[in-house]
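J.: structure of the sequence below:
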Amino acid sequence: MNTAAMSDHIQRLKDDHKDFNVDSLDINLDSDPYLSFKKWFDEACDNKESEPNAFCLSTVDLKSHQPYSRILYLKDLRDNELVFYTNYNSDKAAQLETNRKASMLFFWPGLQRQIRINVKSRSRRGKKDAVEKDESIESVADEDEEEDIRP
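T.: Model (predicted):
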């Protein structure tokens with residue numbers, strides 16, 4: 001890897017950043033965080049954002065205390081549930097099994113918006129809506145748990 005060329009790119013890009021200036025953060029928020037998310041998600045889709053259902057899921061391994069992040073896709077938005085698929089043999093599944101707390105971050109650059117959702121996951125392992133033998137659906141909302149959704 002040519003580190004000099006990489007530095008040139010970073011040098012060029014660091015000054016290319018634009019501040020968010022489309023809306024103030026509280027202009028489009030509903031008192032119900034799920035309605036706010038749905039509204040912003042619909043706007044991202046209507047605005048033709050590239051992969052508006054892509055998000056960064058961050059988890060923490062309790063043994064090493066190491067955070068891990070990866071890009072996933074939102075597969076469904078049900079009553080107070082954000083649903084994604086996972087392989088139960090993955091590090092992600094093991095981390096969610098031992099530590100249900102996770103964070104989801106959606107970023108829609110065209111709208112100059114991002115939203116972080118701190119959640120507790122709920123596995124649906126063994127349910128009929130599991131998609132394949134090695135995949136399942138993770139729901140990141142429990143009706144009796146508090147979620148923290150912030151722009």
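
J.: from here on, contacts and neighbour counts on C-alpha atoms
T.: Will do.

J.: ranges for the strands of the chain?
T.: 54-61, 66-73, 76-78, 81-87, 101-108, 113-120, 122-123, 135-139, 148-150 (DSSP state E).

J.: partners of the third one in the sheet?
T.: Sheet neighbours of strand 76-78, with direction, are listed as strand 81-87 (antiparallel) (DSSP bridges).

J.: strand 66-73 and the strand it pairs with, what's the angle between them?
T.: Strand 81-87 and strand 66-73 meet at an angle of 100 degrees, taking axes from the mean of the first three to the mean of the last three CA atoms, to 10 degrees as the criterion.

J.: average model confidence for strand 81-87?
T.: Strand 81-87 shows a mean pLDDT of 86.

J.: for stretch 61-76, buried residues please.
T.: Asp61, Tyr73, Leu74 (16 or more other CA atoms under 10 Å).

J.: and the contacts of that stretch?
T.: 53-60, 82-85, 95, 98-99 (CA atoms under 8 Å, 6 or more residues apart in numbering).

J.: try 7 Å
T.: 53-60, 82-84, 95, 99 (CA atoms under 7 Å, 6 or more residues apart in numbering).

J.: again with stretch 36-56
T.: Identification of contacts with stretch 36-56 by CA under 7 Å, 6+ apart yields 29-30, 69-74, 104-106, 108, 110-111.
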